[in-house]
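Student: One predicted model, sequence on top.
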Amino acid sequence: MAKKKKFWKSPSAEAAFRGKEDRLRKTLCEIVNGQSRLLHRPDELYEAIANGLDDIEKIKDVKLQLELLAWTLRCDFLAFKADDEEMDTWNDLFYDAGTFFIEVAKTYDDKDYIADLIHDLAVRHVGGEGREVVFLSIEDVMPVQRAKALIEELLGVIDATELENREDVLDAICDMADAIKDTENFAKASLYKDPDKSNATLIDIANSYFVAGNISMAKQWLGDVKDPGAEDEEAFLDLQAAIADREGRKTDCLKYATRLYECYPKVMNLSRLCMLKDDAGVDKLLFDHIKYRDSGKCDTSLMMLLANLKKFELLESYVNHYERDLPGLEASELNAISDEVERAGATELAKHIREWTVEEPEDAEPLDDRE
């Protein structure tokens with residue numbers, strides 16, 4: 001039998017890596033506290049945080065990973081300081097940090113420690129997308145009762161402390177309450193933000209009860225909405241239609257869905273209305289939408305709706321009309337459409353879509369020489 005090769009752990013190597021962890025913590029703390037020289041060097045700043053995420057991935061100590069990821073997420077205010085053309089890149093970086101935090105936290109048994117980190121992120125929230133990922137995924141990393149206790153702790157902070165970022169903290173509470181369907185605390189936090197009970201807030205609270213399955217409370221809150229204006233009417237009609245559908249009131253549902261689509265002719269509203277029509281009615285709706293409500297730009301959400309409804313003749317006509325625009329669209333969206341079409345047996349149409357799909361649309365321009 002061959003001897004098992006023996007590996008010696010190098011104290012100097014371990015010390016070097018610990019030093020790297022300490023340097024990363026120090027760098028992140030200085031950024032958060034506004035003391036880092038990197039704050040005046042945006043490119044180096046981005047690289048430092050991105051490389052830091054790579055280093056965190058190599059750490060074996062899960063607790064340390066979570067701590068450093070929390071420090072990274074506290075840097076998400078940087079996205080608001082970026083130029084407009086760079087903001088999405090920064091937001092993507094912190095979104096990745098948030099999803100990384102959730103994946104690691106799922107594996108860690110000390111839920112109180114995780115709750116402490118999320119409490120700290122919430123109290124210092126400034127509206128960054130990275131932290132929102134964490135708040136909206138809280139049910140994935142701890143039991144619902146522990147999450148609810150955390151929400152109530154944060155509401156206690158709101159009651160006891162004058163916070164400059166009070167609105168952002170309440171947004172964090174609402175995200176967490178929404179995630180675990182804690183309707184009571186969602187309503188409480190929403191009304192802390194908007195004690196005047198605007199229509200938008202009433203609709204949000206009604207929707208939270210609807211999603212949680214409490215239809216009677218959803219109807220009660222929705223009933224308090226008065227004269228919804230243009231900014232609230234779409235959400236109001238959508239929820240009315242959903243409630244009517246859930247209660248089996250098909251006539252009312254059709255009435256609300258029709259008005260919703262006629263006032264706001266979006267593909268998502270068209271989709272709801274199609275579900276309430278017979279096949280001939282669906283054909284007319286889709287034909288009229290393409291003929292009279294076409295924006296002049298290829299709409300992948302409409303293509304997917306046509307694919308899901310198996311309206312391949314209409315989809316083929318739509319693809320023929322806009323095929324020269326397809327190279328400029330997101331490849332992932334077009335691939336999802338062609339996959340759906342192929343699964344349904346329309347292989348030639350799927351092939352046609354793939355022929356005009358470009359994997360990196362940012363490098364492609366729509367062709368303008370359509371005859």
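Tutor: All right, it came through fine.
Student: Going by C-alpha atoms from here, please, whenever you check contacts or count neighbours.
Tutor: OK.
Student: List the buried residues in the one helix or strand residue 184 maps to.
Tutor: In this assignment (DSSP states H and E), residue 184 forms part of helix 183-193. The neighbour-count check on helix 183-193 (16 or more other C-alpha atoms under 10 Å) flags 183, 185-193 as buried.
Student: distance of the spatially most central residue of the chain from residue 182?
Tutor: Central residue of the chain (C-alpha atoms, centre = their mean): residue 133, 7.2 Å from the mean position. Using C-alpha to C-alpha, to the nearest Å, one gets 18 Å for the distance from residue 133 to residue 182.
Student: do the same with residue 295
Tutor: Counting by C-alpha to C-alpha, the gap between residue 295 and residue 182 amounts to 40 Å.
Student: Compare neighbour counts for the two and give me the winner.
Tutor: In this view residue 295 and residue 182 are compared by other C-alpha atoms under 10 Å, and residue 182 has more residues nearby, 20 against 10.
Student: what sits against the more buried one?
Tutor: Taking C-alpha atoms under 8 Å, 6 or more residues apart in numbering, we find residue 182 in contact with residue 148.
Student: what does the one 3 residues further on give?
Tutor: If a contact means C-alpha under 8 Å, 6+ apart, then residue 185 has 151-152, 174, 177 as its contacts.
Student: From those residues, which land in helices?
Tutor: Using DSSP state H, the subset of the contacts of residue 185 located in helices is 151-152, 174, 177.
Student: circling back: please produce JSON lines containing the contacts of residue 185, extended by neighbour count, pLDDT and distance to residue 112.
Tutor: Converted to JSON lines, those look like this (neighbours: other C-alpha atoms under 10 Å; pLDDT from 0 to 100; distance: C-alpha to C-alpha, whole Å):
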{"residue": "151", "neighbour count": "26", "pLDDT": "98", "distance to residue 112": "13"}
{"residue": "152", "neighbour count": "15", "pLDDT": "98", "distance to residue 112": "14"}
{"residue": "174", "neighbour count": "24", "pLDDT": "97", "distance to residue 112": "20"}
{"residue": "177", "neighbour count": "29", "pLDDT": "98", "distance to residue 112": "18"}
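Student: Looks like the residue nearest to the centre of the chain contacts residue 100 (just checking).
Tutor: No: using C-alpha atoms under 8 Å, residue 133 is not in contact with residue 100, being 9.9 Å away.
Student: okay, and the helix or strand of the chain with the least pLDDT?
Tutor: Lowest on mean pLDDT, DSSP states H and E among the helices and strands of the chain sits helix 11-32, with a mean of 74.
Student: what element comes up after that one heading to the C-terminus?
Tutor: helix 42-58.
Student: What are the buried residues along that next one?
Tutor: 45-46, 48-50, 52-53, 56.
Student: quick revisit: I'd like the contacts of residue 185 as a markdown table, with distance to residue 328 appended.
Tutor: Converted to a markdown table, these look like this (distance: C-alpha to C-alpha, whole Å):
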| residue | distance to residue 328 |
| --- | --- |
| 151 | 44 |
| 152 | 47 |
| 174 | 37 |
| 177 | 39 |
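Student: which pair in those spans the largest distance?
Tutor: Farthest pair in those (C-alpha to C-alpha) is 152 and 174. Separation: 11.4 Å.
Student: sorry, back to before: can you redo the buried residues of helix 183-193 as a markdown table with pLDDT and distance to residue 272?
Tutor: Shown next, in a markdown table, are the buried residues of helix 183-193 (pLDDT from 0 to 100; distance: C-alpha to C-alpha, whole Å):
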| residue | pLDDT | distance to residue 272 |
| --- | --- | --- |
| 183 | 98 | 26 |
| 185 | 98 | 30 |
| 186 | 98 | 27 |
| 187 | 98 | 27 |
| 188 | 98 | 31 |
| 189 | 98 | 31 |
| 190 | 98 | 28 |
| 191 | 98 | 30 |
| 192 | 97 | 33 |
| 193 | 96 | 32 |
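Student: May I see those residues arranged in TSV, with distance to residue 278 as well?
Tutor: Formatted as TSV, those follow (distance: C-alpha to C-alpha, whole Å):
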residue	distance to residue 278
183	36
185	41
186	38
187	39
188	42
189	43
190	40
191	42
192	45
193	44
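Student: Just give me the closest of those residues to residue 111.
Tutor: residue 185 (20.8 Å).
Student: ok, and the closest non-adjacent residue to residue 211?
Tutor: Distance criterion C-alpha to C-alpha, 6 or more residues apart in numbering; nearest residue to residue 211, sequence neighbours excluded, is residue 181 at 7.5 Å.
Student: mind listing what that neighbour touches?
Tutor: With C-alpha under 8 Å, 6+ apart, residue 181 has these contacts: 208-209, 211-212.
Student: Return the members of these classed as buried.
Tutor: The buried subset of the contacts of residue 181 (16+ other C-alpha under 10 Å) comprises 208-209.
Student: ok, so of the contacts of residue 181, who is nearest residue 248?
Tutor: Among the contacts of residue 181, and counting by C-alpha to C-alpha, the member closest to residue 248 is residue 211, at 16.4 Å.
Student: Could you report the pLDDT at that closest one?
Tutor: Residue 211 is assigned 97 on the pLDDT scale.
Student: and what of residue 6?
Tutor: In this model, residue 6 carries a pLDDT of 40.
Student: Let me see the backbone angles for residue 156.
Tutor: Backbone torsions for residue 156, taken as degrees, to the nearest 10, come to phi -60, psi -40.
Student: Distance of it relative to residue 357?
Tutor: Residue 156 is 53 Å from residue 357, by C-alpha to C-alpha.
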